[in-house]
Structure formats: C-alpha cells, structure tokens
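Participant: build me a model from this:
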Amino acid sequence: MPGSQPLTILIAEDSAADRLLLCTIVRKQGHRVLTAENGHQAVALFAEQRPQLVLLDAMMPVMDGFEAARQIKALAGESLVPIIFLTSLSERDALVRSLEAGGDDFLAKPYNPVILAAKIKAMDRLRRLQATVMEQRDQIARHHHYLLNEQRVAKAVFDQVAHAGCLSAPNIRYLQSPYALFNGDLLLAAFTPTGDMHVLLGDFTGHGLPAAVGAMPLAEVFYGMTAKGYGLAQTLREMNAKLNRILPVDMFCCATLLNLSFQRRLVEVWNGGMPDGYLQRSASGERLPLVSRHLPLGILSPQHFDDKTEVLPLALGDRIFLLSDGVLDTRAPGDELFGVERLHQVLAANRQPERLFVEISRALSDFGGESRDDVSMVEVTMVEPDRLMPSPLIYSDSGASSPLDWSMSFEFRAETLKRFNPLPYLLQLLQEIHGLRAQSGALYSVLAELYSNALEHGVLGLDSSLKRDAAGFATYYKERNRRLDALSGGYVRLQLRVEPIGRGGRLVIEVSDSGKGFDVGAVLARPVMEHGLSGRGLKLIRQLSRQADWADDGRTARVEFAWGALA
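Facilitator: Numbers count the residues shown, from 1 in each chain. Next up, the predicted model:
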C-alpha cells in the first residue's frame, strides 16, 4: 500500500465465511491478519499480539463485540487502537451501542473492499496522529520537568541569597505566597553596622522566573551596601541604576524601602509604585499611610531618579505594615476584590496591635479568594535595640597586617556634602584595624552621630528642638533637604589618628564644622524626650566611646576608642 506501513489487524467474526472474506480483502491490502471466532478469543489475542486495528462483529457467542470492545480499550490504555464494528445498516440500536462501547467507526455488510480500505487508512491516520500527540505530550512533560528542576535549583540558590539577612529577627513577621514557583515579590531585610535595619519589599512586573531575574542583582546591591553602612538614598540610587541598565524596557520593580533606627526611634521611608504601607501607632491607634511618591526602580535614568525619603518618628510598639498588590487583587468567586476598603476595615477594627498581622492574614484567608499574583505582607515593630542581635561580622584575615600607626585628614565641602556619604568609606578603612573590629557597631554609631551633628546642626544650622513632635519632626527633615539642596558653602573636617600603645592601641576621631557652635553642657543637661532627639546623640556618643569631649564652643568633637589593655 503506497505511502502507508502495513498494519497488524485483528478480525473477530463468528461467521467463518465472513471471516474468510475479510481476511482475503485485508491481506490483499498488504496487512497482517489475526482472527478470532468470538469476543473472548479477540480479547486474548489482543492482549498477546497487540494489533494496531480491530474489526469487530457486534453479535458473537461467548462474549459479544460490545463487551470485547470495552475490554480491548481498557487494555490499550492511552494508545489509540481503532475499533471498526461490523454490522448491518438495519441494526440502528447496535450502531449506537457500538459507539458507546468504544467503537470508532462501523462497516456495513455486505463488505465493500474499497470502503474497507478507505476506513483502514483513515483509522491509521488517526492512530498515527494520536501517537504523535502522545509523544509530543511526553516530550513536553519531560521538558517541563527539566525546567521545573532547573527552577528549583535556581530558587534554592536564590532563597539562600534573598534570606541571607535578618528576616528571622523577632520584630519581623511576614507572609509570602508565590503565584508560580518563583516569587516575583522580593522581601529583604538586613542590619546596618550601627544596628539599624533596612527592609525592602519589591514587586517585579509579572510573576514566576521572568519576574525574578532582577531579584538577584537587586539583593546583591541591597545586602552589600547595607553591610557597608550606606544610607537609603545611596542604596536606592545604585539599585535603580543597576536595574535600569540590565532590565528590558518593559520590566521594572515597584518597591518600598525602610530604614529603621532603633537607637533614634525613627523610620526613613521610600515608596516607588507599591500599594500604601501603614504606620500603626500603638498608643493612639492612629494609622498613617506610607504612600507612593516615586516611580518604580529601573524606569528612570540615574540622572532623573528621585531618592528623596520621608522620615517619621516611632515609639516602642509602633508597627509598620507593608503589602504587595497581590493582597489587594485577590478575587473571590464572584470576581469581587479583597481591595483597599476591606484592608482599612481590618486596620480600623484592630484593638491589640500585636495581633494586627494575624488579623490581616485571617481576613485574607476568610475572604476565600484566589490570588492572581504573588502575595506578600510584612510587619516590622519598633523595639528596644537590645532585643535585636545583629550577626557579628566575620573576617577572613588574621589581622596580623593591621595598620597601627597612622593619621588621616579629610575636609568635605558643599558639593561633596550634598551627594556623598563618607561613613561607609571611613568605616571600611577603620575595619582594617583588627583590634577595632569587635567595636564596629559602636564605632559606626558614633561616627554617624558626629557626622550628622556636624552637617545638620553645624553646617546647615538646624535646630534639634524642632523634633519635639511628629509635625515638627517632618518639618525638620523637609528643611534639612531644602537647606542641603541650596548649600553653597561650609565644611565638615574629620581627622583620624591611630596610635599603638603596648599590646593595644587607640583611635582618636576629631570632627569639626563651620557652624556657629552650641552649648554642649546645656544640651547634655536636657531630658531626652520620647520622640525628640535633642541631646540623645551626644549622650549616645559618650555611652559608646571610651572618651568624648567638645571644644571650640561645640564646633569640634574629640572621641576616643581603645582596644587591648586600654579597652
């Protein structure tokens, strides 16, 4: 038979004459023939020989064709073995029963060789098509399994990176439910060298692996710059520049980034394209939205990116709640969204701040909706600094080559003060001194206080008493940004001196500024208010260092750290 491969065909017919006639016709068409006299024999032959097509008489002794067809189809499983029932045109009920039993076609008596050949060819095409579809399905399944396995390996590596920070800290609660294997939402948290905490909740466009391709470089920048002590503005600029450089034009990352200072009891917030976060006051129950004021990361060029942040005071027990839009876009069976209004109802009904996260999670669960995107929620609570235990820095060198006798001076002028934070650079330099490494947190906290005091109160002339309440707090930082943008003069000078003494040594830090100075004694004598920072920084400097003094009417601060026998 040109263009067609010969088949093995089973003929089950109780009439010897009809059986012989069919065998002759089928053999002449080039096919191999198996014969059976009843349904029982037909099933047994099929199980043994596995023919590719069956011609089956409907009415046979021992087992009729209908039952034989059902058993043959069961034995064939997923493979298509076409069954052509042999019947007469007058047996209409038999035709219906033959199709219900699994028949694929029928052949009327008397048998026409041309029609039979055409039906065999048609059934063979169906059989081959089914085999091709099954083979392609199996190939797709194998490929899908391979891709899933690759994604699982990639996800395991990514999770090690993404969860390398402090998400297990006692003041953090979070929930992440990915729409696909990979989560397009990114949740990162890490401690700075001063013990502050940086938290990022991001949402890349789309979901699954394509949405996660930017997560690794973003996490790398976040953890690297946080560990070195860079602030939110510098970290945001670097993350935006990297995503803008590597992502396709239709991809970006909505993100909310927080810097929580547990010593100073404040939070710095940047929201670019994420749903409103919320600051929930524990004492008053007041709810302050943390709204999006910026475009997502990766859209704007570095020259046009806006890194301005909001700074808000926090009290012990205050909570910050962040969420991705997958929470709000969860849909009920009736196509109703969970939505902002339902979230506001849960927030307003909360009477126990410590149960807020649980109540929101339960409301989302009780809603019974289906998520159509990645779902992420995180709650961060303001606690006393001693409740948090940042992981100590691990160094690979022995410290034997530490520089132990040197000095260095810097003068930072207006254009540098506007856009450069020298603290990460200085801290990295000081970490080369092996004896200081155990004090890195205290050292960075003191450096940060000295530099911010010199810049904000000295060069910019800001009055710390503005921060007596939440409104004044916001005014203070708005005025800080305004004065810094307009700065055209002034300086901050910083001198570092390292001296070996016996088996130890000491570090002397001197910071001076071009400001008008202040009454150090009066500031230190003031009581520290809950939200006010007036006097808090100077007392913190004295508490964390070996010695701290001020001269030149407060314009120069001298602080000493020591290690070894002096410490």
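Participant: from residue 513, how far out is residue 234?
Facilitator: Separation of residue 234 from residue 513 (Cβ to Cβ, to the nearest Å) stands at 21 Å. Heads up, the C-betas are built off the backbone N, CA and C, glycines and all.
Participant: typed the wrong thing, it's residue 84
Facilitator: As for residue 84, its distance to residue 513 is 98 Å (criterion: Cβ to Cβ).
Participant: these two: who's more crowded?
Facilitator: Neighbour tally, residue 84 and residue 513, criterion other Cβ atoms under 10 Å: the higher count belongs to residue 513, 27 against 22.
Participant: correct me, but that one touches residue 492?
Facilitator: Yes. The criterion here is Cβ atoms under 8 Å, and residue 513 meets it with residue 492 at 5.1 Å.
Participant: common neighbours of those two, please.
Facilitator: Common contacts of residue 513 and residue 492, defined by Cβ atoms under 8 Å, 6 or more residues apart in numbering, comprise 454, 455, 458, 459.
Participant: is it true that the last one touches residue 493?
Facilitator: No. With contact defined as Cβ under 8 Å, residue 459 and residue 493 do not form a contacting pair (10.9 Å).
Participant: phi first, then psi, for residue 173.
Facilitator: phi -130, psi 140 (degrees, to the nearest 10).
Participant: what bits of the stretch 401-550 of the chain have low per-residue confidence?
Facilitator: 401-403, 527-536 (pLDDT under 70).
Participant: also the stretch 1-150 of the chain?
Facilitator: For the stretch 1-150 of the chain, applying pLDDT under 70 flags the ranges 1-4, 89-92, 94.
Participant: helices along that one, start to end?
Facilitator: Assigned by DSSP state H, counting those that start in this stretch, the stretch 1-150 of the chain shows helices spanning 16-28, 39-49, 65-76, 92-100, 113-162.
Participant: in CSV: the ones you listed, plus mean neighbour count and distance to residue 480.
Facilitator: Shown next, in CSV, are those (neighbours: other Cβ atoms under 10 Å; distance: least, Cβ to Cβ, whole Å):
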stretch, mean neighbour count, distance to residue 480
helix 16-28, 16, 95
helix 39-49, 18, 86
helix 65-76, 20, 79
helix 92-100, 15, 83
helix 113-162, 13, 33
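Participant: redo the ones you listed as CSV? Include distance to residue 213.
Facilitator: Output for these, formatted as CSV (distance: least, Cβ to Cβ, whole Å):
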stretch, distance to residue 213
helix 16-28, 59
helix 39-49, 52
helix 65-76, 45
helix 92-100, 52
helix 113-162, 10
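Participant: sorry, back to before: okay, and the common contacts of residue 459 and residue 493?
Facilitator: residue 513.
Participant: circling back to that earlier point, tell me which of the shared contacts of residue 513 and residue 492 is nearest to residue 199?
Facilitator: Comparing those against residue 199 with Cβ to Cβ picks out residue 455 as the nearest, at 25.1 Å.
Participant: am I right that the closest one is in a helix?
Facilitator: Yes. Using DSSP: H, G, I helix; E, B strand; the rest coil, the assignment for residue 455 is a helix.
Participant: hmm, it is touching residue 494, no?
Facilitator: No. Applying Cβ under 8 Å, one finds residue 455 not in contact with residue 494, separated by 11.1 Å.
Participant: thinking again about what came up before, for residue 51, state which of the shared contacts of residue 513 and residue 492 is nearest.
Facilitator: Closest approach to residue 51 among the shared contacts of residue 513 and residue 492 (Cβ to Cβ): residue 455, at 89.7 Å.
Participant: in contact with the closest one, which residues?
Facilitator: Per Cβ under 8 Å, 6+ apart, neighbours of residue 455: 417, 492, 513.
Participant: in strands, which of those residues fall?
Facilitator: 492, 513 (DSSP state E).
Participant: now distance to residue 409 too, for the contacts of residue 455, in a markdown table please.
Facilitator: Formatted as a markdown table, the contacts of residue 455 follow (distance: Cβ to Cβ, whole Å):
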| residue | distance to residue 409 |
| --- | --- |
| 417 | 16 |
| 492 | 12 |
| 513 | 14 |
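Participant: coming back round to it: buried subset of the shared contacts of residue 513 and residue 492?
Facilitator: 454, 455, 458, 459 (16 or more other Cβ atoms under 10 Å).
Participant: A helix includes the third one, no?
Facilitator: Yes. With three-state DSSP as the criterion, residue 458 is part of a helix.
Participant: residue 513 is in contact with that one, correct?
Facilitator: Yes. Residue 458 is within contact range of residue 513, at 3.1 Å (criterion: Cβ under 8 Å).
Participant: what sits in contact with each of those two?
Facilitator: 490, 492, 555.
Participant: let me have these in TSV, adding neighbour count as columns.
Facilitator: Shown next, in TSV, are the shared contacts of residue 458 and residue 513 (neighbours: other Cβ atoms under 10 Å):
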residue	neighbour count
490	18
492	24
555	18
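Participant: for stretch 273-292, measure first residue to last.
Facilitator: Terminal residues of stretch 273-292 lie 6 Å apart, using Cα to Cα, to the nearest Å.
Participant: who touches that stretch?
Facilitator: 201-203, 252, 254-256, 267, 269, 271-272, 294-296, 310, 312, 314-325, 327-328, 340, 347-348, 350, 353, 356.
Participant: show me the domain layout of this structure.
Facilitator: 8-133, 163-387, 406-566 (automatic domain parsing).
Participant: can you put the ones you listed in JSON lines and add distance to residue 151?
Facilitator: Below are the domains of the chain laid out as JSON lines (distance: least, Cβ to Cβ, whole Å):
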{"stretch": "domain 8-133", "distance to residue 151": "26"}
{"stretch": "domain 163-387", "distance to residue 151": "5"}
{"stretch": "domain 406-566", "distance to residue 151": "35"}
